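> Quick one, what's the 3D model for this:
(4 chains)
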Number of protein chains: 2
Amino acid sequence: MDDIAPPADATPRHDEAPRLRRLSLYEVVAERLREMVLEGELPPGGRISEKKLCETFEVSRTPLREALKVLANEGIIELLPNRGAKVTEVEPREVADLFEVMVELEGLSGRLLASRADEVAIAEIRDLHDRMMAHYRQQERQDYFALNQRLHRRLTEIAGNRVLLELEASLTVKVTRARYAANLQLGRWEESAREHQAILEALERRDGEGLARAMREHMRRTGEAVIQGLVDG
Amino acid sequence: MDDIAPPADATPRHDEAPRLRRLSLYEVVAERLREMVLEGELPPGGRISEKKLCETFEVSRTPLREALKVLANEGIIELLPNRGAKVTEVEPREVADLFEVMVELEGLSGRLLASRADEVAIAEIRDLHDRMMAHYRQQERQDYFALNQRLHRRLTEIAGNRVLLELEASLTVKVTRARYAANLQLGRWEESAREHQAILEALERRDGEGLARAMREHMRRTGEAVIQGLVDG
DNA sequence: ATTCTGCATTTTGAATTCAAAATACACGAA
DNA sequence: TTCGTGTATTTTGAATTCAAAATGCAGAAT
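Model prediction:
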């Protein structure tokens, strides 16, 4: 078939996902800005200078401003009419509200999960969970966190409610930001691992109410820890 | 859930900054576009021509495209790379997911409400409710609907969770769109009025669980009716 | 007739330009 | 000094311009 030697400098054509498209510039910029805000490279409350960002990204103002509109809609930054933009502050009160909502969504996610997860899905979750726990035992913080995010996302995917999935995704950005701002301690790690255990067990029992409760509880405690970290500073 | 946030002054905050500012052009355009999509003036699935919209709005492409970015983020339209945009379709499955989430949020709203609404707030709600019911008796559909929206919004405002408020606002846009698409019949009116009655009673009893249940149920039934209308229609 | 190819036209993506608003600063009066 | 006031500079809002991609279509090849 296609085992004829390709030209040396050609990019592979038959790779990747079904459809692969070149992202618009504003999407790239938005993604990069999100990162910068998340990791505190742009400090909360800090004014954003369009010109400076244009220079660092080496793009013109048009795509940059389009990206700003998107981030503003996501609540990551605020647009001040005629005065540019500033990074949204992380206020404990707001974060508390955020988790209060997340707890409900997690509950829904759990209930749906228990009724919709089949054997294959559960096996996949268990695998993710095991790998995550391995990182936990190795104290590999970054990997643990990354897998944790992925696991949570996968759970909601399996729950099968698209609206819920999008919502959680967008709220998770804020949660992550709060986490960074709170510089969450490792102390919570152990507790968190136990909660994950409980979640997995409820899932394997197909115990909808139990799963909902476990997931809510996990989110509630995470919220408490984050807010604690924020308040203590 | 236990109070995490510090007491803070429980001041009712219907005191939005009365600062008067001229809206940006893209905000005006976005608002108008939202209306057009909502009322079906731009049909679901229909392609959006930038040029044509520029001409009808009499603005240049820059603010128009910024508005499109915002609406895309809200899920009202979809951006097709290099091929403009199209109005998002209203699919029964998606609408079902939407209401599933809304039911949970209403439940949260109800529980918070019962614990946070003071006498003044309850009196205000009762007033809105009475006025709404007057429109119901007069069969003034438009006014009833407008006041209904306002009442629901006010309930969530009083519940005092900002994140929840924003979320409901953005989801309500989609709900309203589904409603239009379903061309919701009057048959549901009467039932809806009864449910509102139940909500008000639970609120006045300060019955948190009862209120949560009533509000969830109301949203659940609304969803059923809308989806029914979508599938039949 | 059907499919393919190449070109002209249209539409979108992004940079640039122009105008309006906000900011910074120097100067003068109380 | 401190407070305004007026002006120059910077920054933002929006229109325009330029380039790249997609679309439509005529004619050729099958």
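> all helices for chain A, in order.
Under the criterion DSSP state H, helices of chain A are mapped to A:25-38, A:50-57, A:61-74, A:92-116, A:119-137, A:141-159, A:162-182, A:187-205, A:208-232.
> which one of these is the most hemmed in?
Burial of the helices of chain A is given as mean neighbour count (mean count of other Cβ atoms under 10 Å in any protein chain shown); helix A:92-116 ranks first at a mean of 22. Every C-beta, even on glycine, is put in place using the N, C-alpha and C of the backbone.
> for that one, what is the average pLDDT?
Averaged across helix A:92-116, pLDDT comes to 98.
> what about that helix, near chain B?
Yes - using Cβ under 8 Å from any Cβ of the partner chain, helix A:92-116 comes into contact with chain B via A:92-94, A:96-101, A:103-105, A:107-108, A:112.
> quick one, domains of chain A?
Structural domains assigned to chain A are A:25-87, A:92-232, following automatic domain parsing.
> I'd like those as JSON lines, with distance to B:K69 appended.
Listed next are these as JSON lines, based on distance: least, Cβ to Cβ, whole Å:
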{"stretch": "domain A:25-87", "distance to B:K69": "5"}
{"stretch": "domain A:92-232", "distance to B:K69": "15"}
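> With distance to DNA strand C as added columns, please give those in a markdown table.
A markdown table is the format used below for the domains of chain A (distance: least, Cβ to the nearest atom of the strand, whole Å):
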| stretch | distance to DNA strand C |
| --- | --- |
| domain A:25-87 | 3 |
| domain A:92-232 | 21 |
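> and the residue of chain A nearest DNA strand D?
Going by Cβ to the nearest atom of the strand, DNA strand D is nearest to A:G84 of chain A, at 2.7 Å.
> Report whether the expected contact of that residue with A:K51 is present.
No - taking contacts as Cβ atoms under 8 Å, A:G84 lies outside contact range of A:K51: 9.6 Å.
> And the residue nearest the centre of chain A, how far from A:T222?
Chain A has A:T172 as the residue nearest its centroid, 4.3 Å off, counting by Cα atoms, centre = their mean. Noted for A:T172: a distance of 11 Å to A:T222, by Cβ to Cβ, to the nearest Å.
> One more: A:L164?
18 Å.
> can you check A:G233 too?
18 Å.
> do A:L211 as well
The gap separating A:L211 from A:T222 is 17 Å, by Cβ to Cβ.
> Equivalent analysis for A:E39, please.
19 Å.
> Now A:Y144: closest residue in space, sequence neighbours ignored.
Distance criterion Cβ to Cβ, 6 or more residues apart in numbering or on different chains; nearest residue to A:Y144, sequence neighbours excluded, is A:H135 at 4.1 Å.
> Can you give me every residue that contacts the one you found?
By Cβ atoms under 8 Å, 6 or more residues apart in numbering or on different chains, the contact list for A:H135 reads A:D143, A:Y144, A:L147.
> go on, A:L80?
A:K86.
> pLDDT score for it?
On the pLDDT scale, A:L80 gets 94.
> With A:D9 instead?
So A:D9 comes in at 31 (pLDDT).
> swap in A:R19?
Reported pLDDT for A:R19: 46.
> again with A:N183
At A:N183, pLDDT is 81.
> any idea how far the residue lying closest to it once chain neighbours are set aside is from A:T176?
Excluding the flanking residues, the one nearest A:N183 by Cβ to Cβ, 6+ apart is A:G229, at 6.1 Å. Using Cβ to Cβ, we find A:G229 at a distance of 13 Å from A:T176.
> related to what we said a few turns ago, just put the helices of chain A in JSON lines and tack on distance to B:E190.
Shown next, in JSON lines, are the helices of chain A (distance: least, Cβ to Cβ, whole Å):
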{"stretch": "helix A:25-38", "distance to B:E190": "47"}
{"stretch": "helix A:50-57", "distance to B:E190": "54"}
{"stretch": "helix A:61-74", "distance to B:E190": "38"}
{"stretch": "helix A:92-116", "distance to B:E190": "29"}
{"stretch": "helix A:119-137", "distance to B:E190": "43"}
{"stretch": "helix A:141-159", "distance to B:E190": "35"}
{"stretch": "helix A:162-182", "distance to B:E190": "29"}
{"stretch": "helix A:187-205", "distance to B:E190": "41"}
{"stretch": "helix A:208-232", "distance to B:E190": "34"}
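> Nearest to B:G75 among these would be which one?
helix A:162-182 (7.5 Å; Cβ to Cβ).
> Off-centre distance for that closest one?
5 Å (Cα atoms, centre = their mean, to the nearest Å).
> Then stretch A:132-145?
Taking mean C-alpha positions (Cα atoms, centre = their mean), stretch A:132-145 and its chain are 17 Å apart.
> Rounded mean pLDDT for that stretch, please.
92.
> Quote the end-to-end distance of it.
End-to-end distance for stretch A:132-145, by Cα to Cα, to the nearest Å: 8 Å.
> and if you look at stretch A:132-142?
Terminal residues of stretch A:132-142 are spaced 11 Å apart (Cα to Cα).
> Would you quantify the distance from A:T176 to A:G40?
Per Cβ to Cβ, A:T176 is found 11 Å from A:G40.
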